[in-house]
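Visitor: Could you look at this predicted model? Sequence included:
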Amino acid sequence: MTLVSKDILKAAEILHKEELVAIPTETVYGLAGNIYSEKAIRGIFIMKQRPLMNPLIVHIHDLKQVEELTSSFPEKAQELARVFWPGSLTLILPKSNKVPDLITAGKDTVGIRMPHHPVTLELLKQLEFPIAAPSANPFTKISPTKAHHVKDYFDGTLKMVLDGGDCKNGIESTIVGFENDQPVVYRLGAIALEDIEKVIGKVVVKNKKENAPQAPGMMARHYAPQTKIILVNDVASAIQQYPNHKIGLLLHHEIDNFNEVQHIKYLSKTGDFKEAASNLYGAMHSLDQLDLDIIIAHRFPEKDLGASINDRLKRATQ
Ligand code: TXA
Ligand code: MG
């Protein structure tokens, strides 16, 4: 049985023993281990069934830790860190020799993030090492935004889920790196592209679907429910195309009304993108439990967090 508990000291004790704990963050739950323990890091890859070629994000609580982990900290990266940390931004920076190759999949860069969650910041303060944490889901499955999502995935194999409640932002961090000093967004995420650009100007987006991705979040089939899901602009006509099907709907807001469909999840009361993002994976998890024939998801306007939500929905349709 996996322990689900708010006990930060217990979580620290397990991490000290080079074992794994699922941790709450403001984006999604992470599956955490000591970055300096080969046993713990291998354990993360095995538990997630994640290919070793996909690097892990290192989580810190203090800007000073960037020094230990990197060989340089470009000015634009510093500006982003000042504005968005603690928060849903992962910076890809040149790594120091201290960072094990297993974390970075042999790359010369390391992904670093300071999460914005009081429980995990407190946990990190109690540890003398940073922790690596990918999202706490088996490879290609929907990311967890509630403690019980993690327990459902790993019950019995994982020692503990540190319960920090529901993840407020609900989709993964935005990943920003640098190529020849030019900022590049590798994954759209919980901080809107527009907000990044307000701080450092125009950025290149390389959030493409690729077979040999720079980031596994870029893989075509990702965040996928078991149930077939389609992403459409016109929900009414999509419903017509599936007569005699057990349909579920994933809709923007509560004024959308489709009486003929029984299973509907509204992502927001008012169509607010931030609220919709925070409810997205929870809604996908619950629709996926209902043994539906198909989930019809309404495409968001392609701006602000709407673009990040569409990205996750598109990947779920693959
Ligand atoms: O919000 C988040 O970022 C969550 C929470 C737990 O912090 N974590 C998360 O981790 O989404 P994960 O492993 O599921 O996705 C991290 C992404 C992967 O796509 C990985 O390839 C990319 O970050 N990444 C990590 N280090 C990298 C590096 N050095 N270069 C390029 N991409 C990197
Ligand atoms: Mg993930």
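Guide: Yep, it's here. Ligands and ions are numbered 1, 2, ... in the order given.
Visitor: of all the residues in this protein, which ones are close to ligand 1?
Guide: By CB under 6 Å from any ligand atom, the residues of the chain that approach ligand 1 are 25, 27-28, 30, 54-57, 90, 92, 104, 107, 109-111, 113, 115, 133-135, 172-173, 175, 186, 214-217. Using the backbone N, CA and C atoms, a C-beta is placed for each residue, glycine as well.
Visitor: Residue 226 is in contact with residue 290, isn't it?
Guide: No. Assessed by CB atoms under 8 Å, residue 226 is found out of contact with residue 290, at 10.7 Å.
Visitor: do you know how far residue 92 is from residue 141?
Guide: Distance from residue 92 to residue 141, counting by CB to CB, to the nearest Å: 24 Å.
Visitor: Helix, strand or coil: sort out the residue nearest the centre of the chain for me.
Guide: Centroid check for the chain by CA atoms, centre = their mean gives residue 172 as the closest residue, at 2.7 Å. Secondary structure for residue 172, judged by DSSP: H, G, I helix; E, B strand; the rest coil, is coil.
Visitor: ditto for the one 3 residues further on
Guide: Remark: residue 175 carries the secondary structure label strand [criterion: three-state DSSP].
Visitor: For it, name its beta-bridge partners.
Guide: Beta bridges link residue 175 to residue 90, residue 187, judged by DSSP bridges.
Visitor: ok, it - how many residues close by?
Guide: Per other CB atoms under 10 Å, the neighbour tally for residue 175 reads 24.
Visitor: Model confidence score at it, please.
Guide: The model reports residue 175 with a pLDDT of 98.
Visitor: Can you tell me, leaving aside adjacent residues, what's nearest to residue 41?
Guide: Spatial nearest neighbour of residue 41, chain neighbours left out: residue 102 (4.9 Å); criterion: CB to CB, 6 or more residues apart in numbering.
Visitor: For ligand 1, see how far away that neighbour is.
Guide: To ligand 1, residue 102 is 12 Å away according to CB to the nearest ligand atom, to the nearest Å.
Visitor: you'd agree that residue is in a helix?
Guide: Yes. With three-state DSSP as the criterion, residue 102 is part of a helix.
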